[in-house]
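K.L.:
using only what follows, build the 3D model:
(one chain, ligands or ions: 1)
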Amino acid sequence: MKIIIKKDYQELSKSAAILVKERIKKKPDLVLGLATGSTPLGLYQELIRLYEKGEIDFSQITTFNLDEYLGLEASSPNSYHFYMFHNFFNYINIKKENIFIPKGITEKPKEDCLRYEEKIKEKGGIDLQILGIGSNGHIGFNEPGSSFRSLIRVVSLNKKTIRDNARFFKNKKDVPKKAISMGIRTILSAKEIVLLASGEKKSEIIEKVINKKVTKKVPASCLKKHKNVTLIIDQKAASKII
Ligand code: GLP
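P.N.:
Residues are numbered from 1 along each chain as shown. Below is the predicted model of the structure:
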């Protein structure tokens, strides 16, 4: 696991954007796995800036998002569909048909999940997966205890995640209790993985991921089993390891 420590959030975002830019330059039809949450916002802003400067062309890339809340319409401001379009896709030249996000409203979640997993394979697999990390170590919505063999599926969110994510909702009770999330195996199938973490509140979990053994209790620790993982973290998130 390669660890890059940046001065602050802005530097972290720039560094991640440069990495994405380089990968797209090498492979214009890159298959990119994307994350939500507050951490990748700076990366998306930076990528939009590079696009506006004419330094990146997204016209051939395909994206797969990690997860979506179950029960939220794509038009709901709290859905990850809404987040992705409003924070990234609306500002770049990606083709709509190349955007994949798990459906939040569905009558057949199992079939949708199978189809999503197949779609990833059909596109040749994910070349580069961007991840954030929950304060309990979750990646996507793979909560502590998730099987390392899990594929995309319906998951129940744990109390800590609901509490953490309540800041985006009017009331804590509005936070959905379930989501659809790529599994740990889906994530580990990506050819390259970059995990971003910023701020003091992530320092404890980052220390665990780096220093503790691989355990289902800390889902992100599974990344140690992968050959091509980079953690890009800022000094505050790294404060317990340096
Ligand atoms: C959510 C998402 C995760 C994300 C995590 C951390 O739970 N499902 O993909 O990594 O939040 O969010 P933040 O970056 O806001 O701390």
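K.L.:
from now on I want contacts and neighbour counts done on CA atoms only, so please keep to that.
P.N.:
Noted.
K.L.:
kindly provide the distance from the most centrally placed residue in the chain to residue 188.
P.N.:
Residue closest to the average C-alpha location in the chain (C-alpha atoms, centre = their mean): residue 35, at 2.3 Å. Distance, residue 35 to residue 188, by C-alpha to C-alpha, to the nearest Å: 15 Å.
K.L.:
could you do residue 46 as well?
P.N.:
Taken as C-alpha to C-alpha, the span from residue 46 to residue 188 is 26 Å.
K.L.:
also residue 151?
P.N.:
10 Å.
K.L.:
also residue 115?
P.N.:
Where residue 188 is concerned, residue 115 sits at a distance of 18 Å (C-alpha to C-alpha).
K.L.:
higher neighbour count, those two?
P.N.:
Using other C-alpha atoms under 10 Å, the more surrounded residue of residue 115 and residue 188 is residue 188, with 22 against 14.
K.L.:
how many neighbouring residues does the closest residue to that one other than its chain neighbours have?
P.N.:
The shortest distance from residue 188 to any non-neighbouring residue, by C-alpha to C-alpha, 6 or more residues apart in numbering, is to residue 226 (6.5 Å). Residue 226 has 15 neighbours, counted by other C-alpha under 10 Å.
K.L.:
centre of the chain versus the lowest-mean-pLDDT helix or strand in the chain, how much separation?
P.N.:
Lowest on mean pLDDT, DSSP states H and E among the helices and strands of the chain sits helix 159-165, with a mean of 92. Distance, stretch centre to chain centre, for helix 159-165: 17 Å (C-alpha atoms, centre = their mean, to the nearest Å).
K.L.:
begin at 25 from here
P.N.:
Right, with 25 as the first residue, what we last looked at is helix 183-189.
K.L.:
so which bits of the longest helix belonging to the chain are buried?
P.N.:
As assigned by DSSP state H, the longest helix anywhere in the chain is helix 33-50. Neighbour-count burial for helix 33-50, with 16 or more other C-alpha atoms under 10 Å as criterion, is recorded at 33, 35, 36, 37, 38, 39, 40, 41, 44, 45, 47, 48.
K.L.:
now stretch 228-248
P.N.:
Using 16+ other C-alpha under 10 Å as the test for burial, stretch 228-248 gives 228-234, 238-240, 242-247.
K.L.:
so does that stretch get close to the ligand?
P.N.:
No - Stretch 228-248 stays clear of the ligand (C-alpha under 6 Å from any ligand atom), getting no nearer than 10.2 Å.
K.L.:
what is the rounded mean pLDDT of that stretch?
P.N.:
Per-region confidence: stretch 228-248 scores 97 on mean pLDDT.
K.L.:
what sits up against it?
P.N.:
Residues outside stretch 228-248 that contact it (C-alpha atoms under 8 Å, 6 or more residues apart in numbering) are 25, 157, 159-163, 166-172, 208, 212, 221, 253, 261-262, 264-265.
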